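J.: The following block contains a protein sequence and its predicted model.
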Amino acid sequence: MSGYTDIRATGWVAHLPESWRPYALLMRLDRPIGSWLLFLPGLWAFAMAAPSWGRGLWLTLLFGVGSVLMRGAGCVVNDLWDRDIDRQVERTAGRPLASGAVRPKQALAFLAGVLAVSLVILLMLPPVAILLGVVSLLPVVLYPLAKRVTNFPQAMLGLVFSWAAPMGYAAATGRVDAAAIALWAAGFFWILGYDTIYAHQDREDDALVGIGSTALHFGEKTRPFLIACYGVAIVLLVLAGWLGGLSWWFAPALLLPAALLARQVVLLDIHDPELCLRLFWANREVGFAIALAFLIGRL
């Protein structure tokens, strides 16, 4: 397609068998940033609370594979709900369901297979983490509907993508306590901020088709909204570290992710969709910097 799109059908995806490519694109395997962002709050939990390096590395592997699968499953659900809307939005019109490369029945069968493999991974975790994993399916299914009824669908995404924090904490410790809740809340506000940046790519198209977003709601006032979201996220991370019994080194170590988030606020231009996408991508490094701060806090 000639219009603006974030689909990347080149690279390693182009070397897959032709019949596989639409399913790789359906899972967004061409753009792994979503899998990284789903995984990173879980990595925070392991960095803060894993009882040993071995256990932490094993959980990192499980959650890494699980994040790719569950992000892919979420994309299939999202695209099934949104295929009619996606055809009307320049950035998403080339998606496999919107373009007709994959039919809904094929997508449902593929979704069932992805969820079956995800279940195998989930059953390797402690009971509390398994319960949280099952409960997470509800917001995953409801997220695509949020944009039809509210200007804050990014809040629903915040609930979904931050879920790995309490789930990862439960996998590492067998429980959910105040530190896990603070970590979850920190992830929520971080995601609320960065997904608002992402939503500015579609702001005009969303207005035309009648769906809501925080990008539309805040418009030119997005920068102060980001300052609030990212500021609250950093405060909650400090609280999580304190509740988790980390050393005082943790707080100054958070200056790096705080600076990276401040950079996004300063550089933001809501009228430049490609810049918005690059700033959104930059949150992978933010997430790793937060995990590093948790590790430093355990010294």
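T.: Nice, thanks for sending it over.

J.: tell me which residues of the host helix or strand of Leu115 are tucked away?
T.: Following DSSP states H and E, one finds Leu115 within helix 104-122. Of the residues in helix 104-122, 107, 110-111, 114-115, 118, 121-122 count as buried by neighbour count, 16 or more other C-beta atoms under 10 Å. No exception for glycine: its C-beta is placed from N, CA and C like everyone else's.

J.: and if you look at stretch 88-107?
T.: Within stretch 88-107, the residues scored as buried using 16+ other C-beta under 10 Å are 89-99, 102, 107.

J.: pLDDT on the helix or strand hosting Val235, on average?
T.: Under the criterion of DSSP H and E, Val235 resides in helix 222-243. Mean per-residue pLDDT for helix 222-243: 97.

J.: do the same with stretch 107-114
T.: The pLDDT scores in stretch 107-114 average 95.

J.: Render the CA-only coordinates of that stretch in PDB, please.
T.: Extracted in PDB, the C-alpha atoms of stretch 107-114 (Å, rounded to 0.1, in the frame of the first residue of the first chain):
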ATOM      1  CA  ALA A 107      -7.800 -16.500  12.400                       C
ATOM      2  CA  LEU A 108     -10.000 -18.200  15.000                       C
ATOM      3  CA  ALA A 109      -8.400 -21.600  14.400                       C
ATOM      4  CA  PHE A 110      -4.900 -20.000  14.600                       C
ATOM      5  CA  LEU A 111      -5.900 -18.300  17.800                       C
ATOM      6  CA  ALA A 112      -7.000 -21.600  19.300                       C
ATOM      7  CA  GLY A 113      -3.600 -23.100  18.500                       C
ATOM      8  CA  VAL A 114      -1.700 -20.100  20.000                       C
END
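
J.: got a list of what Leu236 touches?
T.: Each residue near Leu236 by C-beta atoms under 8 Å, 6 or more residues apart in numbering is listed here: 182-183, 185-186, 189.

J.: tell me which of the buried residues of stretch 88-107 is nearest to Pro139?
T.: The nearest member of these to Pro139, counting by C-beta to C-beta, is Ala107 at 20.0 Å.

J.: of all the buried residues of stretch 88-107, which two lie farthest apart?
T.: Across the buried residues of stretch 88-107 (C-beta to C-beta), the longest gap, 21.9 Å, separates Glu90 and Ala107.

J.: okay, the angle between the helix or strand where Leu279 lies and helix 222-243?
T.: Using DSSP H and E, Leu279 sits in helix 273-281. Helix 273-281 and helix 222-243 are oriented at 10 degrees to each other (axes from the mean of the first three to the mean of the last three C-alpha atoms, to 10 degrees).

J.: now helix 273-281: how far from the chain's centre is it?
T.: Counting by C-alpha atoms, centre = their mean, to the nearest Å, helix 273-281 is centred 15 Å from the centre of its parent chain.

J.: buried stuff in the very next helix or strand once past that helix?
T.: Later in the chain than helix 273-281, the nearest helix or strand by DSSP H and E is helix 283-296. By neighbour count on 16+ other C-beta under 10 Å, the buried set for helix 283-296 is 283-284, 286-296.

J.: quick one on the thing from earlier: extract the CA atoms of the helix holding Val235 and return them as PDB.
T.: In PDB, the C-alpha atoms belonging to helix 222-243 read as follows (Å, rounded to 0.1, in the frame of the first residue of the first chain):
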ATOM      1  CA  THR A 222      -0.800  15.600  25.700                       C
ATOM      2  CA  ARG A 223       2.600  16.800  27.000                       C
ATOM      3  CA  PRO A 224       1.300  17.700  30.600                       C
ATOM      4  CA  PHE A 225      -0.700  14.400  30.600                       C
ATOM      5  CA  LEU A 226       2.500  12.500  29.800                       C
ATOM      6  CA  ILE A 227       4.400  14.400  32.600                       C
ATOM      7  CA  ALA A 228       1.700  13.300  35.000                       C
ATOM      8  CA  CYS A 229       1.600   9.700  33.800                       C
ATOM      9  CA  TYR A 230       5.400   9.200  33.800                       C
ATOM     10  CA  GLY A 231       5.800  11.100  37.100                       C
ATOM     11  CA  VAL A 232       3.300   8.900  38.900                       C
ATOM     12  CA  ALA A 233       5.000   5.800  37.400                       C
ATOM     13  CA  ILE A 234       8.400   6.800  38.800                       C
ATOM     14  CA  VAL A 235       6.900   7.500  42.200                       C
ATOM     15  CA  LEU A 236       5.200   4.100  42.200                       C
ATOM     16  CA  LEU A 237       8.400   2.400  41.200                       C
ATOM     17  CA  VAL A 238      10.100   3.900  44.100                       C
ATOM     18  CA  LEU A 239       7.300   2.700  46.400                       C
ATOM     19  CA  ALA A 240       7.500  -0.800  44.900                       C
ATOM     20  CA  GLY A 241      11.200  -0.900  45.600                       C
ATOM     21  CA  TRP A 242      10.800   0.300  49.100                       C
ATOM     22  CA  LEU A 243       8.000  -2.200  49.800                       C
END
